[in-house]
Structure formats: C-alpha cells, structure tokens
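J.: Output the structure for:
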Amino acid sequence: MAITGSYLKGRALDWWYSIQEEVKSFQQFEDLFKKKFMKVIYEKAWRELKAVQQQEGEDVEGISNRLRQLFRDAGVTDGGTKKAIFVASVLPSIGYEMEKVLATRKKITFEDLVDEAAEHKALVLKYDKKKEVVIYNNNGA
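T.: Residues are numbered from 1 along each chain as shown. The predicted structure is shown next:
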C-alpha cells in the first residue's frame, strides 16, 4: 500500500492522504476508491451521453468509439439503450436510416447497427461523388 499514493494526483491524492492509515489491503482501497470517485465519473459520462453528437466530418467509427467509452464509464450494458443513444447521436441523415433499420431488424446488435451506419455513410459518399461528376459533366459540356 506504500506506493499507492504515487499513482494518484489532485483530489484523489488528497483523499488518499486522509485515509491511508486506515486502509489495510488493496481490495479495501479499491472499494473505497470506487465508492468515492466512480459516482463522479458515472454522472459525468451520463451527462455527456445525453449531449453527445456526431460532428461534421467525423466518421461513424469516431462517434461510435466515443460512445463506447462513455457507455463503459456510465455502466451502460443494455443493447437497446446503446442503440437508442447511437441513433440519437449520429448525424440526422444517418439516424433516419438507422431508425428504418431498427424497425425492420428487431434483433440487430449495437455493433451491427454501427456497421450498418458506416456502410450507409460510405454509400452516400460514393453516390454523392457520382452525382457531382454528372453535374460537372452536364455543366461543362
């Protein structure tokens, strides 16, 4: 337990100094640490989950990776909750299409929904580029 303080900083280190004489095992330390600090991490993650939005230029993997980290921090394990938050977080054009996927494929997993969204975005980019080429060719002729 002597080196525990060397891994902590800020509030956690101050807290450790105030209780170190009473802690007899690493398991006891871990339980006390979680009780003291995990609530803060959990609440912060939930606040972020409620507000997180895919940014223009951010790909589907980017937003899904941010969400996965927040799901871990917030303790979200339910697939339905993950899917609902994902659909609400992606760009509206993707969210709309993923709502249709959810309506037709009730048993789809969160990971499969992310894959569907990435495929949808790739197709949109592919055909938007073709559309731009057609418009350019029509205007340039």
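
J.: Gly79 and Ala117, how far apart?
T.: According to C-beta to C-beta, to the nearest Å, Gly79 stands 15 Å off from Ala117. C-betas here are computed from N, CA, C, even on glycine.

J.: Okay, and the residue nearest to the spatial centre of the chain sits in which element?
T.: Nearest to the mean C-alpha position of the chain, by C-alpha atoms, centre = their mean, lies Leu67 at 0.7 Å. For Leu67, the host element (DSSP states H and E) is helix 60-74.

J.: Buried residues of that helix, list them for me.
T.: Of all the residues in helix 60-74, those buried under the rule 16 or more other C-beta atoms under 10 Å are Val60, Ile63, Ser64, Arg66, Leu67, Arg68, Leu70, Phe71, Asp73, Ala74.

J.: With stretch 117-133 instead?
T.: Residues of stretch 117-133 classed as buried by neighbour count (16+ other C-beta under 10 Å): Ala117, His120, Lys121.

J.: circling back: any idea of the pLDDT on the residue nearest to the centre of the chain?
T.: Model confidence at Leu67, expressed as pLDDT, equals 97.

J.: Make TSV from the buried residues of helix 60-74 and add distance to Ile85 to it.
T.: Below are the buried residues of helix 60-74 laid out as TSV (distance: C-beta to C-beta, whole Å):
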residue	distance to Ile85
Val60	14
Ile63	10
Ser64	11
Arg66	11
Leu67	6
Arg68	11
Leu70	8
Phe71	8
Asp73	13
Ala74	10
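
J.: Going by distance to Ala12, which of these wins?
T.: For those, the minimum distance to Ala12 (C-beta to C-beta) is 16.1 Å, reached by Asp73.

J.: Alright, that wraps it up for me.
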